[in-house]
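**Student:** Build me a model from this:
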Amino acid sequence: MSERLSPTRVAAIWAAALVVLAVVAVSVIALVNQRVFGPAQMVKTLHSHLVNGEGARALGLLNAKVPPGNALLLDGEGLKAASADIKDFTVGEPEEIPGAEDTVKVVASYSIHGVEQQTSYQLRNAGSRWMFFDEWEFIPTTLPTVAISANTTNEVVVNSRPAPLVKGRATVPVFVPAVIDTSFATPNFAADSRGLAVTDFAKKDTAVKLRTQPTKKLQDEVNKQINAYLDGCAEQQVLMPAGCPMSYSTTARVQSDSIHWSILGYPPAEIVSFDGGWALRPLTVKVRLELTEQDLRTGRYTEQTIDNDFGFTASLRANTTKVSVTPVSSE
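**Tutor:** The predicted model follows:
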């Protein structure tokens with residue numbers, strides 16, 4: 001027959017079991033409190049909303065105000081695009097903030113195009129949930145903005161989405177972290193600025209000034225007009241073609257039908273920004289003159305071939321679709 005346990009021993013076993021269960025329960029509650037309801041998990045949840053383009057949920061969770069501006073990166077595909085280059089997002093352990101009761105700092109680490117970055121979040125304890133679990137909330141903040149400016153255009157592209165400009169400027173509120181790509185392209189001018197990282201809530205205004213550059217199409221059209229001008233000069237069978245840079249001076253008599261100009265080297269136009277507009281640097285053309293001269297004293301005829309360089313300038317008028325070049329002889 002098995003030995004019967006005394007009531008005292010049974011009570012001791014039950015007491016020990018209850019203690020073990022209580023310890024397990026406390027451990028489970030502590031683990032759930034940290035992993036599910038803790039401040040670090042709040043940051044992970046926020047990032048998940050950003051990656052999924054859930055702007056309304058992210059904004060509600062973050063307790064953030066939205067400053068005036070174009071909200072194209074605050075929801076949906078725009079928000080996804082601004083978050084797409086955030087890689088390897090990890091969250092550190094909460095750190096107490098000295099002098100701020102029930103407030104912690106959580107630092108998230110990640111990379112953007114291979115460069116390590118960090119963002120700091122502040123959260124505060126907002127009470128308890130279901131008696132056992134802490135409830136945390138982000139300390140209210142205001143979203144930062146990116147100020148985008150450009151000339152020669154009235155619309156830019158921000159993370160593949162169109163953004164109109166007002167007086168050459170657009171203001172775009174963004175979540176943190178975010179990566180901003182901006183550009184525009186017209187037939188004659190274009191600009192591109194990529195990989196701007198916004199990683200700090202405290203930096204409220206970030207500026208992107210798109211640097212406008214002439215397109216190859218504009219360059220080709222300017223060269224085409226200059227070349228046509230020089231070809232017109234070369235067609236004139238005179239020693240000083242009208243409105244042209246080249247000229248030839250001699251004391252001999254020249255047979256007019258022997259004069260022949262030819263262009264040895266067309267000058268490549270260099271378009272530069274000047275005084276809020278666009279200008280061409282001075283140009284130099286290489287030419288050859290072939291003619292027959294008659295010496296006035298001896299009457300002898302001589303065939304001449306003269307190679308020379310001549311400088312000239314040209315004014316440029318260009319907008320997004322049209323261009324006009326007006327050469328001006330400097331000699």
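**Student:** Going by C-alpha atoms from here, please, whenever you check contacts or count neighbours.
**Tutor:** Fine.
**Student:** And the helices in the chain?
**Tutor:** If DSSP state H is used as the criterion, the helices of the chain fall at 7-35, 39-51, 55-62, 76-83, 216-234.
**Student:** residues of the third one that come out buried?
**Tutor:** Of the residues in helix 55-62, those buried by neighbour count under the rule 16 or more other C-alpha atoms under 10 Å are Gly55, Ala58, Leu59, Leu61, Leu62.
**Student:** Which elements pack onto it?
**Tutor:** When contacts are defined as 3 or more C-alpha pairs under 8 Å, 6 or more residues apart in numbering; DSSP states H and E, helix 55-62 packs onto helix 39-51, strand 133-138.
**Student:** so how far is Asn70 from the residue nearest the centre of the chain?
**Tutor:** The chain has Ser193 as the residue nearest its centroid, 2.5 Å off, counting by C-alpha atoms, centre = their mean. Remark: distance between Ser193 and Asn70 (C-alpha to C-alpha, to the nearest Å) = 18 Å.
**Student:** Where is the longest strand in the chain?
**Tutor:** Ranked by residue count, the top strand of the chain under DSSP state E comes out as strand 301-318.
**Student:** partner strands of that one, parallel or antiparallel?
**Tutor:** The strands beside strand 301-318 in its sheet (DSSP bridges) come out as strand 283-294 (antiparallel), strand 323-329 (antiparallel).
**Student:** what angle sits between the last one and helix 216-234?
**Tutor:** Meaning strand 323-329. With axes from the mean of the first three to the mean of the last three C-alpha atoms, to 10 degrees as the basis, strand 323-329 and helix 216-234 are set at 40 degrees to each other.
**Student:** Any buried residues in strand 323-329, and which?
**Tutor:** Val325, Pro327.
**Student:** Next: the longest one.
**Tutor:** Within strand 283-294, the residues that qualify as buried are Leu283, Thr284, Val285, Lys286, Val287, Arg288, Leu289, Leu291, Thr292, Glu293, Gln294, counting by 16+ other C-alpha under 10 Å.
**Student:** what about the helices and strands packed on helix 55-62, which gets the closest to Asn223?
**Tutor:** Smallest distance to Asn223 across those (C-alpha to C-alpha): 47.4 Å, for helix 39-51.
**Student:** so of the helices and strands packed on helix 55-62, which one's packed in deepest?
**Tutor:** Of all these, helix 39-51 carries the top mean neighbour count, a mean of 21, counting by mean count of other C-alpha atoms under 10 Å.
**Student:** phi, psi of the residue nearest to Ser247 when sequence neighbours are not counted?
**Tutor:** Spatially, and ignoring its direct neighbours in sequence, Ser247 is nearest to Met240 (4.4 Å; C-alpha to C-alpha, 6 or more residues apart in numbering). When quoted as degrees, to the nearest 10, the phi and psi of Met240 stand at phi -130, psi 80.
**Student:** got the contact list for Met240?
**Tutor:** Listed by C-alpha atoms under 8 Å, 6 or more residues apart in numbering, the contact set of Met240 reads Met246, Ser247, Tyr248.
**Student:** With neighbour count, pLDDT and distance to Thr305 added, can I get those in a markdown table?
**Tutor:** Conversion of these to a markdown table gives the following (neighbours: other C-alpha atoms under 10 Å; pLDDT from 0 to 100; distance: C-alpha to C-alpha, whole Å):
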| residue | neighbour count | pLDDT | distance to Thr305 |
| --- | --- | --- | --- |
| Met246 | 26 | 94 | 14 |
| Ser247 | 15 | 94 | 14 |
| Tyr248 | 11 | 94 | 12 |
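**Student:** and which of those is nearest Gly168?
**Tutor:** Ranking these by separation from Gly168, with C-alpha to C-alpha as the measure, puts Met246 on top at 42.7 Å.
**Student:** quick one: that closest one and Phe310 touch, right?
**Tutor:** Yes. Taking C-alpha atoms under 8 Å as the contact criterion, Met246 and Phe310 are neighbours in contact, 5.8 Å apart.
**Student:** wait, Glu290 sits on Ile263?
**Tutor:** No. Using C-alpha under 8 Å, Glu290 and Ile263 do not qualify as a contacting pair, with a distance of 11.6 Å.
**Student:** who's Ser149 bridged to?
**Tutor:** Ser149 has these beta-bridge partners by DSSP bridges: Arg169, Lys209.
**Student:** Please report how far it lies from Val172.
**Tutor:** Ser149 sits at a distance of 11 Å from Val172 (criterion: C-alpha to C-alpha).
**Student:** Also Leu62?
**Tutor:** Taking C-alpha to C-alpha as the measure, Leu62 and Val172 are separated by 18 Å.
**Student:** go on, Thr326?
**Tutor:** From Thr326 over to Val172 the distance is 40 Å, taken as C-alpha to C-alpha.
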